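Peer 1: Sequence and predicted model, in that order:
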Amino acid sequence: MTKAAEIDIASVSKVYGTTTAVHSISLKIPAGSYCCLLGPSGCGKTTTLRMIAGHETITTGDVLLGNKNVTDLAPAERGTAMMFQSYALFPHLDLVDNVAFSLKMKGIDKETRRAKAMEMLKLMQLEAYASRRPAQLSGGQQQRVALARALITDPEALLLDEPLSALDPFLKVRMRAELKKLQTSLGITFVHVTHSQEEAMALADIVVVMNDGRIEQAAPPRTVFERPATAFVARFMGDHNVISGRVTDKDDTSLTLAVAAGASFSAPADTVEIGQPVDIAIRTDRVTVGAETAAGYGFTGTISNIEYRGSSVKLAVSGAGIEDFTAILSDKVFFAQPVKIGEAIQLSWNAEDVIVLGRPH
Amino acid sequence: MTTVRFLGIGEPQPKRSIRLPLKLVSYMQATPLTLILAAFLLLPLLMIVTVSFWDYDFAQMYPDFVTFNYTETLGSWVTWKTYLNTLKFAFLVWVITLFIGFWVAYFLAFHIRTAAMQMVLFLVCTVPFLTSNIIRMISWIPVLGRNGLINSGLVNSGLVSQPVEWLLYSDFAVVLAMVHLYTLFMVTPIFNTLMRIDKSLVEAARDAGASSLQVLTNVILPLAKPGMAIGTIFVVTLVMADFSTVQVMSGGQSASVALMMKNQMSLLQYPAAAANAVVLLVLVLLMVAGILRIVDIRKEL
């Protein structure tokens, strides 16, 4: 139906007065892929999206869409369409006129543009509401109108600014599936800003984790989750325990780090030098309780909290200089040998589950 | 043995609460405003309507039921001319205040970035209102007069050989003074409406390829309509009821309905003035009803 375009962001920065919102980021989003910009609020993900859309001027750097440098083009000339966080539907227009808005701006006659808008509304299963105003619709319906309005311009890339944040949890999951289906059927590039790692993992072909105006990691969701690049990524994606310490010893196959309180842990070999700070991550669901510990791959701690979550049980353990270490056990394993708050337990993990995390540059 | 009983000590007595039917409570809550409106709005109106049917001579009014006050008012070409003149003022002032008011409000709402600066500039707009209407009006006279600021400036610079006569005591002067007096009544409601427009709507329109002019005509103007309607009601009713501006600024050469009523009252023709007032009231109410039919202002209130 439409041609998809690769988006190439080449060392783009955004400076507001004296504060830098985006620090010279570079990113290639392949044509026809679903890309999620993920990060906490204020990390520069929305600014990045708005720079791709053309609603924010680019301080330095270039944005290329396909083979076209769009850095200085107006939003509508770029071949992108944006869906706004609050949908930004025109309250004084009915759905048909809302969807047909961009066609009206191009000067297409009323008959043609209304017919085309109706077609788009049909695609979104909204034709029954065509003569209503946006205020008379539910959140999910408004979102579909916003999608229809964005897609009627036949964009090469659709930019979505936290599209699901205004919906209730149940609808969020449903609209998420619809977005993915739509992207697959249209085949155009989607760039989706979100602060929910769950949303990003469910939707994205590439997850771009951002923090403080920089890209921490850009990779397929599985890589981001299984091999987080930095401590920030590991913490933000969740389900990881991050242990910080200094390298005390290293050889060809492994290195040893000591945390501030004295305990030592082992990790696979890395390029860090002795004496340098290093972070390692261990998945919370890869921790076992009660088994023998190989040296450097476990510790003994006191249980500070137990949360029952249905299919699993979450244990919060402190000890060996680590304040808050989480272990997630399946309910079967936990209830085979239940433990109580305040008890000391032996935690251990396998050498291959330890990930050495890089430092942000 | 004596027993001392302290008053107020012991079992706390359950407080007696007076329970009124809910319906009565609501009526009671509405009573004060109803009384005020009845005493100061409804009653005088009724009196005017009543008096408009009375008879009068040069010295006295006679309770009666006659309709010649109305037939005389509506049958005289002077009345029609005066009404047309007043409507002309209302229309001119409306067009000019709407134009100025919209752009001032637009500038304040969309071009001033910080809320603090917006408030400061808005307050600056209200500064002239710290002096009285009459003073502001009269202060135009030394500016526009035959030997006023503008004329002496024009003559001294050699642009004109004789002072321009139509600056003061003319329809121009009346409209100018009214625009000066009433523009803020247009700025305020429009500014209020524009401030409520979500800025992302403008971005969404730009994203859809709208030029600045298209954003204005397709998004901002339609959304500003309720504010414009409220401002219009203010300005039109104020101009229709104005007599001092017309009298002072036209130097008695132009007439307005309210001025006509004032003259009738100074001749002690109260019933005639009352009939005139009723006609004016009906006309203004019809105009307001017409505005409300065109624009839905409910969401602004």
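Peer 2: It's in. A quick note: this is a predicted structure, and the numbers were derived from the prediction, not measured.

Peer 1: quick one: the helices in the stretch 1-150 of chain A?
Peer 2: With helices called from DSSP state H, counting those that start in this stretch, the stretch 1-150 of chain A shows them at A:45-53, A:95-99, A:101-105, A:110-123, A:139-151.

Peer 1: Which other helices and strands does the fourth one contact?
Peer 2: Right, the one you point to is helix A:110-123. If contacts are counted by 3 or more Cβ pairs under 8 Å, 6 or more residues apart in numbering or on different chains; DSSP states H and E, helix A:110-123 sits against helix A:95-99, helix A:101-105, helix A:139-151. No exception for glycine: its C-beta is placed from N, CA and C like everyone else's.

Peer 1: Distance from it to the middle of the chain?
Peer 2: Relative to the centre of its chain, helix A:110-123 is centred 34 Å away, using Cα atoms, centre = their mean, to the nearest Å.

Peer 1: Stretch A:73-92 now?
Peer 2: Taking Cα atoms, centre = their mean, one finds the center of stretch A:73-92 at 22 Å from the center of the full chain.

Peer 1: bridging residues for the closest residue to residue A:45 other than its chain neighbours?
Peer 2: Nearest residue to residue A:45, sequence neighbours excluded (Cβ to Cβ, 6 or more residues apart in numbering or on different chains): residue A:37, at 4.0 Å. Assessed by DSSP bridges, residue A:37 has beta-bridge partners residue A:193, residue A:208.

Peer 1: hang on, isn't residue A:37 packed against residue A:47?
Peer 2: No - the pair residue A:37 / residue A:47 is not scored as a contact, 9.9 Å apart, by Cβ atoms under 8 Å.

Peer 1: Between these two, which is the more surrounded one?
Peer 2: Set side by side, residue A:37 and residue A:47 show more neighbours around residue A:37, with 32 against 21, by other Cβ atoms under 10 Å in any protein chain shown.

Peer 1: List the contacts of that one.
Peer 2: By Cβ atoms under 8 Å, 6 or more residues apart in numbering or on different chains, the residues touching residue A:37 are A:45, A:48-49, A:191-194, A:208, A:210.

Peer 1: go again using 6 Å as the cut-off
Peer 2: Shown in contact with residue A:37 (Cβ atoms under 6 Å, 6 or more residues apart in numbering or on different chains): A:45, A:193, A:208.

Peer 1: List the residues that contact the first one.
Peer 2: Contacts for residue A:45 (Cβ under 6 Å, 6+ apart) come out as A:37, A:39, A:193, A:210.

Peer 1: How many residues are close by residue B:80?
Peer 2: Residue B:80 - counted by other Cβ under 10 Å - has 12 other residues nearby.

Peer 1: if I've got this straight, it is in a helix?
Peer 2: Yes - the assignment for residue B:80 by DSSP: H, G, I helix; E, B strand; the rest coil puts it in a helix.

Peer 1: how about stretch B:72-81 as CSV, C-alpha atoms only?
Peer 2: Written as CSV, here are the backbone C-alpha positions of stretch B:72-81 (Å, rounded to 0.1, in the frame of the first residue of the first chain):
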residue,chain,number,x,y,z
GLU,B,72,-45.9,57.8,18.9
THR,B,73,-42.5,56.3,19.5
LEU,B,74,-42.8,53.8,16.6
GLY,B,75,-44.6,56.1,14.3
SER,B,76,-42.1,58.9,14.3
TRP,B,77,-39.4,59.0,11.7
VAL,B,78,-37.1,60.6,14.3
THR,B,79,-37.2,57.4,16.3
TRP,B,80,-36.4,55.3,13.3
LYS,B,81,-33.5,57.5,12.4
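
Peer 1: pLDDT (mean, whole number) over that stretch?
Peer 2: Regarding stretch B:72-81, the rounded mean pLDDT is 89.

Peer 1: and what of stretch A:258-276?
Peer 2: Rounded mean pLDDT across stretch A:258-276 is 78.

Peer 1: For chain A, what's its nearest residue on the stretch 1-150 of chain B.
Peer 2: Residue of the stretch 1-150 of chain B nearest chain A, by Cβ to the nearest Cβ: residue B:113 (12.0 Å).

Peer 1: Which of the three states applies to that residue?
Peer 2: Taking three-state DSSP, the label given to residue B:113 is coil.

Peer 1: now it: how far from residue A:16?
Peer 2: For residue B:113, the distance to residue A:16 equals 12 Å [Cβ to Cβ, to the nearest Å].

Peer 1: Which of those two has more residues huddled nearby?
Peer 2: Using other Cβ under 10 Å, the more surrounded residue of residue B:113 and residue A:16 is residue A:16, with 11 against 8.

Peer 1: Now stretch B:42-52: buried residues?
Peer 2: Residues B:48, B:51-52 are the ones in stretch B:42-52 that count as buried (16 or more other Cβ atoms under 10 Å in any protein chain shown).

Peer 1: Next step: these restricted to helices.
Peer 2: When DSSP state H is applied, the buried residues of stretch B:42-52 are split such that B:48, B:51 fall in helices.

Peer 1: So which residue is dead centre in chain B?
Peer 2: residue B:234 (3.2 Å; Cα atoms, centre = their mean).

Peer 1: Now it. Nearest residue, chain neighbours left out?
Peer 2: residue B:185 (3.9 Å).

Peer 1: where's that neighbour, which helix or strand?
Peer 2: Assessed by DSSP states H and E, residue B:185 sits inside helix B:171-195.

Peer 1: rewinding a little: out of the helices of the stretch 1-150 of chain A, which is the most enclosed?
Peer 2: Among those, ranked by average contacts under mean count of other Cβ atoms under 10 Å in any protein chain shown, first place goes to helix A:95-99 (a mean of 26).
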